[in-house]
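> pasting a predicted model and its sequence here:
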Number of protein chains: 2
Amino acid sequence: MPSAPDHPLPAVAARFAHATRVAMPVAQELFDTIAAATGDGVGMAREPYGANEQKASDLLEAKARQLSLEVTRDPFGNLYMTLPGADRQAPGWITGSHIDSVPSGGNFDGLAGVVAGLTAVATLQAAGLVPPNDLTVMGVRAEEASAWYAGAHGGHIGSRAALGILPPGELDSAINSRSGRSLREHMTEAGFSPDRVQQDHGTIDLARYRGWLELHIEQGPVLERLGLPVGVVTAIRGSSRARSCRCTGAYTHSGAVPHEYRSDAVLATVELVHRLEAEAARVRASGGDLTYTVGKLFTDAGLHSITKVPGQVDFCLEYRSQERPVLDHMTGWARSQAERIGAERRVTFDLGTFSVQEPATMDPGFREALSLGAAALDIPAMDIASGAGHDAQDFVHAGLPAAMIFVRNANGSHNADEAMDLADFELGTRLLAWMVAGQPR
Amino acid sequence: MPSAPDHPLPAVAARFAHATRVAMPVAQELFDTIAAATGDGVGMAREPYGANEQKASDLLEAKARQLSLEVTRDPFGNLYMTLPGADRQAPGWITGSHIDSVPSGGNFDGLAGVVAGLTAVATLQAAGLVPPNDLTVMGVRAEEASAWYAGAHGGHIGSRAALGILPPGELDSAINSRSGRSLREHMTEAGFSPDRVQQDHGTIDLARYRGWLELHIEQGPVLERLGLPVGVVTAIRGSSRARSCRCTGAYTHSGAVPHEYRSDAVLATVELVHRLEAEAARVRASGGDLTYTVGKLFTDAGLHSITKVPGQVDFCLEYRSQERPVLDHMTGWARSQAERIGAERRVTFDLGTFSVQEPATMDPGFREALSLGAAALDIPAMDIASGAGHDAQDFVHAGLPAAMIFVRNANGSHNADEAMDLADFELGTRLLAWMVAGQPR
């Protein structure tokens, strides 16, 4: 429950607070019925193009029909639920998020954004408001494909297919980790049309929309630690990733060989990782946005020994930043440091290819409107970067401006313990409803 | 072939050079016949208490009988071949090394020391010299047990059994990696008497010996890099080893969680390993003897991911030094740094137990005699620490003073490519023969 404000709410704020409260049973029912229908015993398991994702989609569609929305699907199973606006010709908002989940995941990562869209519709209806233009709520398929499909693909299948930015080859190179069959086969089996996937030719007519709005749980701990229910996203961090780095030295006797004759792959890699951390800290200290992660680092289990100087280390590097120049700087820094340390320590670093995902900056006008709205509605909020990827980035990359609302969430995401308080969700949804209602003052 | 000296050799030097040259066919024959009998296709495979170790022992015994030596065996299969001295009552030298090898190993690691003993006997005989006291050549069993037997044991089975410093329980806890059966069973099957192993009650009467001398190939590259054929060992480095260290942090999202909220096990472990390297370098720079090796370091292959902050790292630490205080300092330093870094970085280090192997200092008088001998015989030599363990350390730990002669060797040891030049072996053996002959000037 949001706490009572310290001063009387102005009329607009009071109206939206009341209407959202009236609409909340829509959210409660959707969260409950979908959770009951799509669990795997540990958490949620709404596999892309699987039965549970379809069940969730069907429950959302049924609710949309109850709310008298116009319902369509595209050839990739994405669901569009539209509330007609006062002017149906001019571009309106499209809002939503993804329906699917990771295996044994939580109920809110993704689903909260679709439910928020329908709850915002119910809020407008409760307030007796007709939006100035059409409001479409989208339930996206297969955003979490990376958690279910191995092989070469970039995830975010539903949004990228609809936006015409999914290379069709990914449907064949994405291999289901359990069945061993391709995403193309699974999409076909689910009754959809992978053959309709075309690069540069989406099924969404972007001219119909002024922008994408996405409510999502925060997947980090920042709002929780700072005691704020809502965040206005500044940008979705891009990334630069080297998946298969290797340091090659020489295995030799750990007692008999003096240090000056060694080619120690562990000590060399440790120096590189440590120096990159120092540079990342320097970049952050001077105002740059940057995370730096070495998620894997390992000697060869078949050859390593406590009495051998280690001759090989495999590792990966990941940088994330809202700023492409920061990614480029750190990528170049890694290469130059690897070269220098390799020469000094008689080892060879092969960092392989860095694959770069562009940052997606949220629309400044949308962000400003959301911040003003949070103030007008007396919702404590802060600016926050998104470290994780979201469908919003695909809309930005396709050319549609976007904004995101984060809702406080405990215990991270991609696990069954994610914990969003419905009172926080209500505040985020109230802000969303105010935004799509035309930002009334 | 050793090159001719630049100045005329004094009489003693010339006599030993000539006699060793005459004796060298003994060495050549033993190396050749044993190599031919005990290979595994890749290199040598003289498994402790296996058929090939016995074949090698039998060939050595046959040569000893040709040289008219007195031959005995102890209950553990160790071979003793004695040349009677002028005074058979006073203590004499015992020299030798081990007969066994690692799997696919070289022909010289161990065997060279036994062959050197017999070749030294042949040298004395060729020179017409009777040693002042008995000279015993020992062929030790099962020094390389660690390469063949898993489970809890300390290797060096033959020497430790004979010296009464082998805990009998190791015969049961040492498990053959191929057969899965205990060392006790294999010893029994080979015809020996594991039941005779008693702590504090060896079968060697130490009062009969004045000291142990062991010729061995160098297992590192130092003599080769410095262009010297022979080294006089200062000490066998002891070690302090933590086999199972773990850093526990928390897995979390690599993009969504800011660094100040992370518990990154890789970056914490990297800082620890890097700081320990810096301290080890400082200790060496101030004159301490120390090697520092992190032979294993790995994230959990079942849980790690390029997009997760790593929550766990396993690693090991090994220090080796001739100086026990250096080992103690580095062990304490590791613990204090782990505590400090753990607190700063919100992770927990569990370094587990450090198991300490005492350094074994070579007898200063023996070392001085060997250095004088090298000078008198015009053999280029240097002082050198032994990083690897040898039977000599067991004699020291049992209370008998010892010394070692290292012979230059390329490509390290414990592999089929080890490469000792017989000309270098001849120089080392000449020094050994001079030593056991009573160090004539």
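Happy to help now that I have it. Here the structure is a predicted model, which is why all the values come from computation and not from measurement.

> do the lowest-mean-pLDDT helix or strand in chain A and chain B meet?
In chain A, the helix or strand scored least confidently by mean pLDDT, DSSP states H and E is strand A:149-151, which has a mean of 87. No - judged by CB under 8 Å from any CB of the partner chain, strand A:149-151 and chain B are separated, with a smallest distance of 12.3 Å. C-beta coordinates here come from the backbone N, C-alpha and C atoms, glycine included.

> what residues sit buried inside that strand?
Neighbour-count burial for strand A:149-151, counted by 16 or more other CB atoms under 10 Å in any protein chain shown, picks out residue A:149.

> and the contacts of that strand?
Strand A:149-151 has contacts (CB atoms under 8 Å, 6 or more residues apart in numbering or on different chains) with A:48, A:173-177, A:183.

> determine which two of those are furthest apart.
A:48 and A:173 (15.0 Å; CB to CB).

> neighbour count for those two, which is higher?
Shown here are residue A:48 and residue A:173; by other CB atoms under 10 Å in any protein chain shown, residue A:48 has more neighbours (28 against 15).

> so the more buried one touches residue A:145, yeah?
Yes - contact criterion CB atoms under 8 Å: residue A:48 and residue A:145 qualify, at 4.9 Å.

> list residues touching both of these two?
A:100, A:157, A:183.

> list the buried ones in stretch A:55-67?
In stretch A:55-67, counting by 16+ other CB under 10 Å, buried: A:55-57, A:59-61, A:63-64, A:67.

> give me the number of residues near the residue of the stretch 151-300 of chain A found nearest chain B?
Of all residues in the stretch 151-300 of chain A, the one sitting closest to chain B is residue A:255 (2.8 Å; CB to the nearest CB). A count of neighbours around residue A:255, defined by other CB under 10 Å, yields 22.

> residue contacts, it?
With CB under 8 Å, 6+ apart, residue A:255 has these contacts: A:307, B:219-220, B:237, B:239, B:291, B:320, B:386-389.

> now, which of the residues you listed sits nearest residue B:107?
When these are compared against residue B:107 (criterion: CB to CB), the nearest one is residue B:219, at 14.1 Å.

> surely the closest one is in contact with residue A:256?
Yes - applying CB under 8 Å as the test, residue B:219 and residue A:256 come out as touching, 3.9 Å apart.

> got any residues that touch both of those two?
B:387-388, B:412-413.

> which of those are close to chain A?
Within the shared contacts of residue B:219 and residue A:256, those near chain A by CB under 8 Å from any CB are B:387-388, B:412-413.

> mind putting the buried residues of stretch A:55-67 in JSON lines, distance to chain B included?
Below are the buried residues of stretch A:55-67 laid out as JSON lines (distance: CB to the nearest CB, whole Å):
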{"residue": "A:55", "distance to chain B": "27"}
{"residue": "A:56", "distance to chain B": "23"}
{"residue": "A:57", "distance to chain B": "26"}
{"residue": "A:59", "distance to chain B": "28"}
{"residue": "A:60", "distance to chain B": "25"}
{"residue": "A:61", "distance to chain B": "30"}
{"residue": "A:63", "distance to chain B": "29"}
{"residue": "A:64", "distance to chain B": "30"}
{"residue": "A:67", "distance to chain B": "32"}
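
> of those residues, which pair is most distant in space?
A:55 and A:67 (19.1 Å).

> and residue A:23, helix, strand or coil?
helix (DSSP: H, G, I helix; E, B strand; the rest coil).

> export only the CA atoms of the helix or strand residue A:93 falls within, formatted as PDB.
Secondary-structure element containing residue A:93, defined by DSSP states H and E: strand A:92-98. Taking Å, rounded to 0.1, in the frame of the first residue of the first chain, the C-alpha atoms of strand A:92-98 are listed here in PDB:
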ATOM      1  CA  GLY A  92      -1.000   6.800 -30.300                       C
ATOM      2  CA  TRP A  93       1.000   5.100 -27.600                       C
ATOM      3  CA  ILE A  94       2.000   1.400 -27.700                       C
ATOM      4  CA  THR A  95       2.800   0.000 -24.300                       C
ATOM      5  CA  GLY A  96       3.600  -3.500 -23.000                       C
ATOM      6  CA  SER A  97       6.400  -6.000 -22.400                       C
ATOM      7  CA  HIS A  98       6.900  -9.700 -22.800                       C
END
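
> partners of it, with directions?
Strand pairing for strand A:92-98, determined by DSSP bridges: strand A:135-140 (parallel), strand A:209-217 (parallel).

> beyond it, next helix or strand please.
With DSSP H and E, the next secondary element past strand A:92-98 is helix A:111-127.

> ok now that following helix, how far from the chain's centre?
20 Å (CA atoms, centre = their mean, to the nearest Å).

> list the helices and strands it packs on?
helix A:11-37, helix A:51-66, strand A:79-83, strand A:92-98, strand A:135-140, strand A:209-217, helix A:422-436 (3 or more CB pairs under 8 Å, 6 or more residues apart in numbering or on different chains; DSSP states H and E).

> adding mean pLDDT, write these out as a markdown table.
Formatted as a markdown table, these follow (pLDDT from 0 to 100):
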| stretch | mean pLDDT |
| --- | --- |
| helix A:11-37 | 97 |
| helix A:51-66 | 98 |
| strand A:79-83 | 98 |
| strand A:92-98 | 98 |
| strand A:135-140 | 98 |
| strand A:209-217 | 98 |
| helix A:422-436 | 98 |
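
> now those as CSV including distance to residue A:326?
Output for the helices and strands packed on helix A:111-127, formatted as CSV (distance: least, CB to CB, whole Å):
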stretch, distance to residue A:326
helix A:11-37, 38
helix A:51-66, 36
strand A:79-83, 36
strand A:92-98, 27
strand A:135-140, 29
strand A:209-217, 23
helix A:422-436, 29
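
> between the ones you listed, which one is nearest to residue A:362?
strand A:209-217 (9.8 Å).

> and the following helix or strand past that closest one, anywhere near chain B?
Scanning forward in sequence from strand A:209-217 by DSSP H and E, the next helix or strand is helix A:222-226. Yes - for a cut-off given as CB under 8 Å from any CB, helix A:222-226 has contacts with chain B, namely A:222, A:225.

> in helix A:222-226, what counts as buried?
A:222-224.

> quick one: mean pLDDT for that helix?
The pLDDT scores in helix A:222-226 average 96.

> so the residue of the stretch 151-300 of chain A closest to chain B: helix, strand or coil?
coil.

> domains for chain A, by residue range?
A:11-236+A:359-436, A:238-357 (automatic domain parsing).

> distance between the ends of the shortest one?
With CA to CA, to the nearest Å as the measure, domain A:238-357 spans 5 Å from end to end.

> now do the same contact list for the closest residue to residue A:229 other than its chain neighbours.
Closest residue to residue A:229 apart from its sequence neighbours, by CB to CB, 6 or more residues apart in numbering or on different chains: residue A:424 at 4.1 Å. By CB under 8 Å, 6+ apart, the contact list for residue A:424 reads A:229-230, A:407-409.

> need those residues in TSV with pLDDT, can you?
Below are the contacts of residue A:424 laid out as TSV (pLDDT from 0 to 100):
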residue	pLDDT
A:229	98
A:230	98
A:407	98
A:408	98
A:409	96
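
> among these, which are in strands?
A:230, A:407 (DSSP state E).

> CSV please, covering the contacts of residue A:424 and showing neighbour count.
Formatted as CSV, the contacts of residue A:424 follow (neighbours: other CB atoms under 10 Å in any protein chain shown):
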residue, neighbour count
A:229, 24
A:230, 26
A:407, 26
A:408, 26
A:409, 26
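
> of the contacts of residue A:424, which pair is most distant in space?
Pairwise over the contacts of residue A:424, using CB to CB, the maximum falls at A:230 and A:409, 11.3 Å.
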